[in-house]
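Asker: got a predicted structure here, sequence first:
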Amino acid sequence: MKFIHISDIHLGIRPDIRFPWSDARAEEIKKTFVSLLKWCGTNQVDLILITGNLFHRKPLQKELEWVNQLFEQQSETKIVMIAGDCEELEEGDSYDTFEWAQNVYFIKSRAISSLYIKDLDAAVYGCSCYCDGLNDSNRCEHIEVDENGSFRFLLLNEEEEKMTPERRVQLAEAGFDYIALGRRHEPVLWKKAQMAYSGSLEPVCKSDAGKHGFILGTIDENEMTDLKLMVCASREYIGIKIRLQPDITQEQVEEHLKKRIEADGNRNIYRVQILGRYKPGFPVEKKRIYQLGNIVEVNDRSLPGYDLDALIQEHKDDVIGMYLEEMSKQTKGTKERKALYCGLQALLSQEGKT
Amino acid sequence: MIILDLELTHFGKFHRKKVELRSNVNVIYGRNEAGKSTVHSFIRGMLFGLENPRSIDADEVRYNRYFPWDNRGGYEGKMRFQTGEKVYRLERSFLKNNRYCHLYCETDDQELTPAERRLAELLDGLNETNFVNTISIEQLKSATDKGLILELQNFISNTGSSKSTEVDIENARARLEKRRDELMVQKDLDSEAKYPSCMEQLQNMNREITQIIIRKEKKEREQEQLQENLTGLETSHSEQVKQHEDMEIAAKRQYESALQELYQAPDVDETDLDIKNYGAIMFLILGFLFVGGAAAMYVLSGANRSHNLIELLFSAVALGMFLLSAYSKLTFKGKKRKIKQDYERRMDATKYFQKIKRNMEEVQKGAPVLNVEKHTALSAELESIQEQLAALAAEEDAKSQKAAEYNNEQERLLAVLEENASIQEEIDAVNLALEIIGKITDRVHDTFGNRLNREASVLLSEITNGKYNRISVDDEMKVRIHTEERDVPLESVSRGTVEQIYLCIRIAAANLLWQKAPMPFLFDDVFAYYDDERMENAMKLLKNCGHQVIIFSCHTREKNLV
């Protein structure tokens, strides 16, 4: 049997909302989902497991209808899904009461329950998240995997913190052929334990670094013959670190970034972190970095390249020395460090002027 | 430090020009363009060089300004000075491509290297900045009096700190404040203000959606109840119909069997009960007739015995008739009894039939009728609830749509808030820097400022003959002048007085900074605005201040006074 596991598609999200590519990204996320479903059809995938957060928020009726239509078109494929934490499932809401196509199974119980898919001879266990945050997935030790079905799956939508090694062992020993986990956006595959966070299908916010896609598995005669991450996301968020030195100019920084971006692909979106020391009075101009395009974040943590020890020595008798001394009495934090340097710069830039 | 002599080897218009100086007050007199400022600049250049690496542009001008007019070979000079017990000689070349600085201690007859650093040590913290701010006194350059006051305040801020100050604290503050303002502008306050209301709207919307869901659930329950009632009504009706049909069938069957029975019952009616035994009577009459016949025969044939046989025959017949009559009578009784019995049976059957028929008719009449009114009412109610449910679903969807919009907006605002927070962090940092600088300024002012005020007040009182006997520099570095009667703001005294205040503060500052080894004062046309009296007082003051004083002047006043 061939199955795929997807999660956290977040239909309806608008990533990088203040950037020009936001709308295009929103469309892309939909597109990837649609083409994946088509792919499932052409590749005879028997089962799609969706571990929550198919929608970015409580879905609208028309969104449900749209997705249902897509599901219905893959009538040969069975689809089992649970609700994730973002979807705010509520008893009696349109998500809860929606009538899905024949091939779609929505496990809506708060506690782990199971359903049996006769065509596949498979039992799928799982539970959904509700808007009140109450569910019962914790009680996995009590899951009784009954004899029904040759294949047994478990679907959970749980934060990563809960997925301690002990819990993973506990889950792995519960007797499932595959445990599909959702909520974490970066994929993690524990091949031996046969469980995985598939991660989000497409990266949906700037913190979703790395490759994204879905988990593809094949089980024959109760044995997992293949389990791997298939990359299908159209873009990637890539972090770039730049370490400044006082002799590096803005132009050099931009040139370096341009080259990096060209090398890594223009399709990707970048987060730039600037570290190191810059020439006093010449910090990197963030605006110009953003103008290079495809840059969603410039995190400037660089500091002016003052030699504090030398300055203390040089200015031990004057205001600057007093300032440095007073500053050294402050608690050490980001704010204090910033204050130290911006004050120092203001004082030092007066030097020589009368 | 006392400057002993100068040699302007090649400097400006001068070549090998020697100037000897006394340890107390010197006046270098000359008309305009005579080169007084050149000498002044020469002293400054000898002490600090002509090029300050920190302000290239201004020094380029200075460098060019004093570049020797007619000697292309050199741009240099010598200066001898005394510090403590020792005499030093300083030689400098200012040429860009041949710059040097040599320092010799003539007393010990040795060269001191590295010259710049050793010179700095000898100068005891005097650097170009505080040279300009304290001991080198020029006529205030500021064009306006307001600018002058600012300059003075600025000067006080600086001298307020300590001798090696090169820091314009007020300017630094202004820079930081400007930076803070710039940052403030960057903050998207509109979006920040919108956030709470957006959140509230989103929450309200979600609450409304929940309300709708609750209402929907209630309606759904009602719908179920109604549906149940309706189905109940329908099933009970159909059950009744079914039951009735069964009854009807049973009644019909009974009716038919009763009818059958009725058919089978003897066909006797009431009239049959009045049946007469005419046979017996007829036989009796016939018997009597035959008896009569026999008797007649006997009478008639009395004589005729031939008729005996006939008579006999008649009698026998008569007897036979009698017998028949008797028999008939006998059997008739039985017959009649039977008829009676039959009649009763028939009556029973008829009665029973009637009863069954009535029963059947009643059953037929009692066919169950559906409560149409109730059914219609229920159906209508159900329909209306279904409509309401559809309306609620539509409302839910509309509200969800709205909530999704708020959600989008909220996410956008969150991104803004994040940005604002990081800007705020910068602002906080700037504020902290300002706070610390303020603290330092206060502290500096507290210690140094009080002494400066005291010293300067004494000096000013001397110059003004006691008119202004107290000046003070307040927390905001504003100068206030106190007379016996009142406080006078700096803006309302004359330019001359402002210059005098400036002078006093400078001298006071220099006194405080170089208490042990007084530095020479250089005055460049400072006294133009002084009246004669104050001029005299100022000269007296300078003579007794313990510093070497070099006055550059284009007036003879100073010369004469000295």
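Answerer: Cool, got the structure. Because the structure is a prediction, the values reported are computed rather than measured.
Asker: so which bits of the lengthiest helix in chain A are buried?
Answerer: In chain A, with assignment by DSSP state H, the single longest helix is helix A:22-42. Buried residues in helix A:22-42, counting neighbours by 16 or more other C-beta atoms under 10 Å in any protein chain shown, are found at A:25-26, A:28-30, A:32-33, A:36-37, A:39-40. Where you see a C-beta, it was placed from the backbone N, CA and C, and this is true even at glycine.
Asker: pipe those residues into JSON lines and attach pLDDT per row.
Answerer: Output for the buried residues of helix A:22-42, formatted as JSON lines (pLDDT from 0 to 100):
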{"residue": "A:25", "pLDDT": "92"}
{"residue": "A:26", "pLDDT": "92"}
{"residue": "A:28", "pLDDT": "93"}
{"residue": "A:29", "pLDDT": "95"}
{"residue": "A:30", "pLDDT": "95"}
{"residue": "A:32", "pLDDT": "95"}
{"residue": "A:33", "pLDDT": "96"}
{"residue": "A:36", "pLDDT": "95"}
{"residue": "A:37", "pLDDT": "94"}
{"residue": "A:39", "pLDDT": "94"}
{"residue": "A:40", "pLDDT": "94"}
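Asker: host element of residue B:208?
Answerer: For residue B:208, the host element (DSSP states H and E) is helix B:189-264.
Asker: what sits against residue B:432?
Answerer: A:330, A:335-336, A:339, A:343 (C-beta atoms under 8 Å, 6 or more residues apart in numbering or on different chains).
Asker: most widely separated two among the residues you listed?
Answerer: Largest separation among the contacts of residue B:432 by C-beta to C-beta: A:335 and A:343, giving 12.0 Å.
Asker: show me where the stretch 51-200 of chain A has its helices.
Answerer: A:61-73, A:94-97, A:165-172 (DSSP state H, counting those that start in this stretch).
Asker: with the stretch 451-562 of chain B instead?
Answerer: Taking DSSP H, counting those that start in this stretch as the test, the helices found in the stretch 451-562 of chain B are B:495-513, B:532-543, B:556-561.
Asker: hey, C-alpha coordinates of the shortest one in PDB?
Answerer: Same thing as helix B:556-561. Output in PDB follows, covering the C-alpha atoms of helix B:556-561 (Å, rounded to 0.1, in the frame of the first residue of the first chain):
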ATOM      1  CA  THR B 556      47.000 100.600  21.100                       C
ATOM      2  CA  ARG B 557      44.800 100.500  24.200                       C
ATOM      3  CA  GLU B 558      46.100  97.200  25.400                       C
ATOM      4  CA  LYS B 559      49.700  98.200  24.800                       C
ATOM      5  CA  ASN B 560      49.300 101.400  26.700                       C
ATOM      6  CA  LEU B 561      47.500  99.800  29.500                       C
END
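Asker: which residues touch that helix?
Answerer: For helix B:556-561, contacts defined as C-beta under 8 Å, 6+ apart pick out B:27, B:29, B:527, B:532, B:535-536, B:539, B:551, B:553.
Asker: so how far is stretch A:121-135 off the chain centroid?
Answerer: 21 Å (C-alpha atoms, centre = their mean, to the nearest Å).
Asker: in it, what counts as buried?
Answerer: Quick answer for stretch A:121-135 (16+ other C-beta under 10 Å): A:122-131, A:135.
Asker: now for the residues you listed: which two are most distant?
Answerer: Of all pairs drawn from the buried residues of stretch A:121-135, the widest gap by C-beta to C-beta lies between A:122 and A:131 and measures 29.3 Å.
Asker: could you identify the helix or strand that succeeds the lowest-mean-pLDDT helix or strand in chain B?
Answerer: Lowest on mean pLDDT, DSSP states H and E among the helices and strands of chain B sits helix B:145-159, with a mean of 53. Using DSSP H and E, the helix or strand that follows helix B:145-159 in sequence is helix B:169-186.
Asker: distance from that next one to the middle of the chain?
Answerer: 26 Å.
Asker: check which helices and strands it sits against.
Answerer: helix A:334-348, helix B:145-159, helix B:372-444 (3 or more C-beta pairs under 8 Å, 6 or more residues apart in numbering or on different chains; DSSP states H and E).
Asker: could you find the closest non-adjacent residue to the residue of the stretch 101-250 of chain A found nearest chain B?
Answerer: Residue of the stretch 101-250 of chain A nearest chain B, by C-beta to the nearest C-beta: residue A:131 (8.4 Å). With sequence-adjacent residues excluded and distances taken as C-beta to C-beta, 6 or more residues apart in numbering or on different chains, residue A:131 is closest to residue A:88, at 3.8 Å.
Asker: got the contact list for stretch A:172-179?
Answerer: Counting by C-beta under 8 Å, 6+ apart, A:3, A:5, A:49, A:125, A:140-141, A:143, A:145, A:151-154, A:156, A:171, A:190, A:192-196, A:217, A:219, A:222, A:224, A:227 sit against stretch A:172-179.
Asker: hang on, the earlier thing: what's the helix holding residue B:208 packed up against?
Answerer: helix B:308-365, helix B:372-444.
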